[in-house]
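Colleague: Kindly generate the corresponding structure for this input.
(one chain, ligands or ions: 1)
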Amino acid sequence: MAFLKEVRFNWDQVQNKKEYPFNIPALQEIQSLNLDYNVVFFVGENGTGKSTLLEALAHKCGFATMGGGRNNILEDRRGNFSLEEILTLSWFPKVDKGFFLRAESFFNFANYLDDMAEEFGGIIYASYGGKPLQQQSHGESFITLFQNRFKQKGIYLLDEPEAALSPQRQLAFLRTIWELEHTGKAQFIIATHSPILLSYPNSCILSFDEKALMPKEYQDTEHFQLTRDFLNNPKAFLDKLLR
Ligand SMILES: Nc1ncnc2c1ncn2[C@@H]1O[C@H](COP(=O)(O)OP(=O)(O)OP(=O)(O)O)[C@@H](O)[C@H]1O
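Modeller: Numbering: from 1, shown residues only. Sure thing, here's the model as predicted:
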C-alpha cells in the first residue's frame with residue numbers, strides 16, 4: 001500500500017544549489033514527486049543521486065541513517081542530511097514502522113546488532129532469525145533480514161538490495177515484495193541496478209538519468225536493454241569491448 005504519497009522539494013530554502021546535496025541535476029528542477037505506488041524504483045547511472053534521495057527520505061522517516069528502523073540508533077557519521085530539511089512528505093495513512101536497508105553499510109548494521117546483543121542478550125536477534133547476522137553469508141543475512149524483519153506494516157527503503165543476492169534469490173525477493181505489498185502491508189522504495197528487480201509489475205520506475213527525475217517504462221531502461229542485448233550475443237559485445 002502506498003503510504004508515502006508525495007514528496008515536495010522546498011527549493012526556496014536553498015541558498016546554494018551548487019553544493020551537495022542540492023546540486024543533483026535530476027532533482028534540481030523537481031517541485032514535487034509522486035510516490036503513490038506500492039513499489040517505486042530509483043534507477044540511474046552511478047553517482048546520479050539515488051542514494052542521496054533515499055537517505056534523505058530515510059532520515060525524514062526517522063530511520064537509522066546507517067540502516068535500520070526507528071528503534072535503531074546507528075547514525076551515519078558523514079552527518080550530511082541537509083536535503084531532508086527541504087523535503088515535505090505527504091502521507092496517507094501515516095506509518096512510522098519499516099526499515100532502511102543500505103547494502104553498503106550492512107556490515108555496520110550487523111556489528112551494531114552484536115553490540116546490542118552483548119548489552120541486552122540474544123533476544124536482540126529475535127527479529128533477525130535468532131542468530132547473529134555475522135554468522136551468515138552476506139546473501140543469507142539479507143534473506144534472514146527480509147524474512148524476519150520485513151513483516152510489519154510499514155515503508156521499506158532499500159538501497160541496492162540485490163548487492164548480495166544471487167539471481168535466484170533476487171527472484172525470491174520479488175516474491176517477498178509481492179507478499180507484503182499486495183496484502184496492503186508495505187510500500188517499497190528501492191534504489192537498484194538489477195534488471196531482475198526492476199521487472200516487478202505495476203511499479204513506478206523513476207529515472208535519475210534524465211534532466212529531471214521522471215518515470216520510465218521497464219523496457220525503456222538501460223538496465224533492461226543493455227542486459228537483453230548482452231545476453232542475446234555476449235560474444236559480439238565482448239569482441240567490440242575487448243579488441
Ligand atoms: N557526502 C558527500 N559529499 C559530497 N558529495 C557527495 C557525498 N555523497 C555523495 N556525493 C556525490 O553525490 C553524487 C550522488 O551520489 P549518490 O551516492 O547519491 O549516487 P547514486 O546514484 O546512489 O550512485 P550509485 O549507483 O553508485 O550508488 C555523486 O556524484 C557523489 O560523488
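
Colleague: Is the residue nearest the centre of the chain bridged to anything, and to what?
Modeller: Centroid-nearest residue in the chain, with C-alpha atoms, centre = their mean: Leu158, separated by 2.3 Å. Beta-bridge partners recorded for Leu158 (DSSP bridges): Leu101, Ile190.

Colleague: Test my guess that it contacts Gln187.
Modeller: No - applying C-beta atoms under 8 Å as the test, Leu158 and Gln187 come out as separate, 11.3 Å apart. All C-beta atoms are positioned from the backbone trio N, CA, C, and that covers glycine.

Colleague: From the chain's centroid, how far away is the lowest-mean-pLDDT helix or strand in the chain?
Modeller: Taking mean pLDDT, DSSP states H and E as the measure, helix 106-120 is the helix or strand of the chain with the lowest mean score, a mean of 78. If you compare the mean C-alpha spot of helix 106-120 with that of the full chain, they lie 21 Å apart, counting by C-alpha atoms, centre = their mean, to the nearest Å.

Colleague: separation between Phe92 and Leu35?
Modeller: Distance, Phe92 to Leu35, by C-beta to C-beta, to the nearest Å: 11 Å.

Colleague: More neighbours: which of the two?
Modeller: Neighbours around Phe92 and Leu35, counted as other C-beta atoms under 10 Å, are more numerous at Leu35. The numbers are 20 against 12.

Colleague: do you know how far that one is from Leu54?
Modeller: Here the criterion is C-beta to C-beta. By it, Leu35 lies 12 Å from Leu54.

Colleague: what's near enough to touch Gly130?
Modeller: Residues touching Gly130, when contacts are defined by C-beta atoms under 8 Å, 6 or more residues apart in numbering, comprise Gly122.

Colleague: Number of residues surrounding the nearest residue to Leu145 once chain neighbours are set aside?
Modeller: Closest residue to Leu145 in three dimensions, ignoring its sequence neighbours and counting by C-beta to C-beta, 6 or more residues apart in numbering: Tyr128, at 6.4 Å. Neighbour count for Tyr128, taken as other C-beta under 10 Å: 20.
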